[in-house]
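> show me how the following folds:
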Amino acid sequence: MRLTVVGCSGSYPGPDSPASCYLLEAEHDDGTGVRTWRVLLDLGSGALGALHRYADPLAVDAVLLSHLHADHCLDLSGYYVMRKYHPTGPQPRIPVWGPSDTADRMARAYDLPVDPGMHEEFDFRTWEPVVQVGPFTVRAVPVDHPVEAFGLRVEVAGATLAYSGDTGPCAGLDEISVDADLLLAEASFRSCDDNPASLHLTGTDCGEVATRSRARRLVLTHVPPWFDPADMLAEAVAAYDGPVELAAAGTTYEI
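Sure thing, here's the model as predicted:
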């Protein structure tokens, strides 16, 4: 599969990137022939506009939301408008996998009545332990964050991406990361600061998870604009012997 970083800024859009959004693409024969399947991991603030650079937003097959903080889901509101009012006509419903309150939360975000809300544009589904979207097998594991949140393990033909979403260090994060070909981990905190528990990871946390889980590659993401990402990178490099780098909008990885 191919991973494209659409947005990687932590907490809110930054000067160089929208908030969290990652495009996954893989070839798959769905019975009508081989085509490229596309899913989005999160669709945070500012990401929909940037997505146009990398794929036709109307060609996305599903949206996978790790949790319902604005920097991970809010551009679903704009996506609703696009799919409802596009000049080519209303678009087919696509699945949106997410936490239990996703449909009502997104309706409130756009000041819609919850019935019908966005149900005519999206097929809202609550996370199950394992879901299948075309070639993508997705395991959703609860992680440690103040709201209902999930880390995601995505597999295609033996290739594995682990995505932390937002979380503090926890067993769920370790579980999704085991032997991952690429661990995409949020690094919002610095170890030198007095950080609240059960919220985010430091660069050191990310490196330690990658080491414990035997991940083959570590990509740090979700660094807030108020920090220097080099601090998180230095921490991770000190804790992990494998390849590690900072996510940047527009970067593509073959997994």
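> every contact and neighbour count from this point should use C-alpha atoms.
OK.
> show me what contacts residue 117?
For residue 117, the contact set (C-alpha atoms under 8 Å, 6 or more residues apart in numbering) comprises 103-104, 106-107.
> try it again with 7 Å
residue 107 (C-alpha atoms under 7 Å, 6 or more residues apart in numbering).
> do residue 90 as well
Contacts of residue 90 by C-alpha under 7 Å, 6+ apart are 83-84.
> check the secondary structure at it for me.
coil (DSSP: H, G, I helix; E, B strand; the rest coil).
> any idea how far it lies from residue 114?
Residue 90 sits 19 Å away from residue 114, going by C-alpha to C-alpha, to the nearest Å.
> also residue 215?
Distance from residue 215 to residue 114, by C-alpha to C-alpha: 41 Å.
> and these two? which has more neighbours close in?
Neighbours per residue (other C-alpha atoms under 10 Å) separate residue 215 from residue 114, with residue 215 holding more: 23 against 14.
> was I right to think residue 176 contacts residue 154?
No: counting by C-alpha atoms under 7 Å, residue 176 stays clear of residue 154, with 8.9 Å between them.
> so what sits against both of the two?
With C-alpha under 7 Å, 6+ apart, residue 176 and residue 154 have common neighbours residue 162.
> list the residues that contact the closest residue to residue 180 other than its chain neighbours.
Nearest non-adjacent residue to residue 180, counting by C-alpha to C-alpha, 6 or more residues apart in numbering: residue 215, 4.7 Å away. Going by C-alpha under 7 Å, 6+ apart, residue 215 touches 177-183.
> just residue 165 next, same as before
66, 150-151, 186.
> how about the helices in the chain?
47-51, 70-73, 76-85, 102-109, 171-177, 203-213, 229-239 (DSSP state H).
> what would those look like in CSV with mean pLDDT?
Shown next, in CSV, are those (pLDDT from 0 to 100):
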stretch, mean pLDDT
helix 47-51, 98
helix 70-73, 98
helix 76-85, 98
helix 102-109, 98
helix 171-177, 98
helix 203-213, 98
helix 229-239, 98
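> of all these, which one is nearest residue 245?
helix 229-239 (6.8 Å; C-alpha to C-alpha).
> CA atoms of the closest one as CSV?
What follows is helix 229-239, C-alpha atoms only, in CSV (Å, rounded to 0.1, in the frame of the first residue of the first chain):
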residue,chain,number,x,y,z
PRO,A,229,9.9,19.0,15.7
ALA,A,230,13.7,18.5,15.9
ASP,A,231,13.2,18.0,19.7
MET,A,232,10.9,15.0,19.2
LEU,A,233,13.1,13.6,16.5
ALA,A,234,16.2,13.7,18.7
GLU,A,235,14.3,11.9,21.5
ALA,A,236,13.1,9.2,19.2
VAL,A,237,16.5,8.6,17.7
ALA,A,238,18.0,8.2,21.1
ALA,A,239,15.4,5.5,22.0
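> that helix to helix 203-213, inter-axis angle?
30 degrees (axes from the mean of the first three to the mean of the last three C-alpha atoms, to 10 degrees).
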